[in-house]
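**Student:** Got a predicted structure here, sequence first:
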Amino acid sequence: MKDSKSPHDWVAKHIASLPKSGIRDFFELVNSMGDVISLGIGEPDFTTPWHIREATIYALNRGFTNYTSNLGDLRLRKAVCNYAKENFAMSCRPDTECIITVGVSEGLDLLLRAVLNPGDEVLYHEPCYVSYAPSIRMTHAVPVPVQTTEAHDFVLQVADLEAKVTPRTRVLMLNYPNNPTGAGLTLEDKKALADFAIRHNLLVVSDEIYEELNYIPRCPSIASLPGMKERSVLLNGFSKAFAMTGYRIAYALGHPAIIDAMMKIHQYSMLCASSIAQAGALEALQNGQEPREAMRTEYEQRRNVIVRRLNEMGLTCFIPRGAFYVFPCIRSSGLTSYGFATRLLQEKKVAVIPGTAFGACGEGFVRCAYATSLEDIETAMLRIREFLAEL
């Protein structure tokens, strides 16, 4: 008889070795306290606009509760492709080049599983969203982080990519506007990255979930540039720009061969995204421009306040080009990122996220989300000022 195993022994080794999310671990501490002003969670504080909720309720009331196509409701896919053409300068066919996913997180998981072989390498920038490296590892591929710096406003530099690319590199993964730094790309930045991808024959994965929350003149998606459509997949969704996080609804646009491969995995796992969530998403695309822009304008006002306050107290912070995050440097405090965030929470009841949750190069920084009211932002800034004075 074989030796008996403990439940821990049944867990796959590549899963057992995955770290837990630094964000979620920190919020276990936050949740144990009361009266905390949170600048931590990356979720809009706005309620989903009423007309979107009403469309969702109407879909439920009229019984739109069945499976849709594995690719998603064709009406929504048509609306997505029209929206992408108008907003991202990307032309796609709704029947073969678009799939509706359960959030961008599922879209990313489907895509990586669809295109990566064990041992393939994926270039991506750090600081970055916490799921990137684990998602790559779960495909048995190799994550290769490329550091971005405050000196370049956290924009990925081609010279740094050239130092990391190898014959095994298969994918370049981008997220701009960026979580956690708020960095954004100009058209010239995108052209330089596109040229790099073409020269090295790489697939580009462009996570553009914050694209509509831009505070600089918007330019076409990298996926729309010459020579890039065949080698790009654009990921976007409804959580951030339309305040629809709980709907878990997003989309991917790309070459038919890649979308078809993603659909194979999707149909054996999720089958399709929620039909009533898709109804809400359709309403958002058709009639949601005004509330979307109102929310973006409010975020921009908050950004200006929080950046000014942080710089006034000596926590240097560049002006984000998009999203709803600032990434101030806290080295002047003499504390580590985790030490700063932990003590600020315990002593002043303000929650921020240690920069190291987004990669080792995040040491010396913290992430503050301004997806909360101006009143709370002002109060939090006063408390941080007091915290620094008491240090």
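**Tutor:** Looks like it arrived, so ask away. Residues are numbered from 1 along each chain as shown.

**Student:** so where do the helices sit in the stretch 151-300 of the chain?
**Tutor:** For the stretch 151-300 of the chain, the helices defined by DSSP state H, counting those that start in this stretch occupy 158-162, 187-199, 256-269, 275-287, 289-312.

**Student:** And the shortest one, what's buried?
**Tutor:** Buried residues in helix 158-162, counted by 16 or more other Cβ atoms under 10 Å: L161. In this view, the C-beta of every residue, glycine as well, is placed from N, C-alpha and C.

**Student:** tell me the most buried of the helices of the stretch 151-300 of the chain?
**Tutor:** helix 275-287 (a mean of 22; mean count of other Cβ atoms under 10 Å).

**Student:** Out of the helices of the stretch 151-300 of the chain, flag the one nearest L382.
**Tutor:** helix 289-312 (8.6 Å; Cβ to Cβ).

**Student:** Mind listing the strands the helix or strand just after that closest one pairs with, and their directions?
**Tutor:** Sequence-wise, the next helix or strand downstream of helix 289-312 (DSSP states H and E) is strand 325-326. Sheet partners assigned to strand 325-326 using DSSP bridges are listed as strand 366-369 (antiparallel).

**Student:** got the CA coordinates for the strand it pairs with in CSV?
**Tutor:** Taking Å, rounded to 0.1, in the frame of the first residue of the first chain, the C-alpha atoms of strand 366-369 are listed here in CSV:
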residue,chain,number,x,y,z
VAL,A,366,2.7,52.8,-2.0
ARG,A,367,-0.5,52.8,-4.1
CYS,A,368,-3.3,55.1,-3.3
ALA,A,369,-6.6,54.7,-5.1
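
**Student:** between the helices of the stretch 151-300 of the chain, which one is nearest to E386?
**Tutor:** helix 289-312 (12.7 Å).

**Student:** what is the orientation angle of that closest one with helix 275-287?
**Tutor:** Counting by axes from the mean of the first three to the mean of the last three Cα atoms, to 10 degrees, helix 289-312 lies at 90 degrees to helix 275-287.

**Student:** so what does helix 289-312 touch, helix or strand wise?
**Tutor:** Packing partners of helix 289-312 (3 or more Cβ pairs under 8 Å, 6 or more residues apart in numbering; DSSP states H and E): strand 325-326, helix 374-390.

**Student:** got the helices of the stretch 151-300 of the chain as CSV, with mean pLDDT columns?
**Tutor:** Below are the helices of the stretch 151-300 of the chain laid out as CSV (pLDDT from 0 to 100):
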stretch, mean pLDDT
helix 158-162, 98
helix 187-199, 98
helix 256-269, 97
helix 275-287, 98
helix 289-312, 97
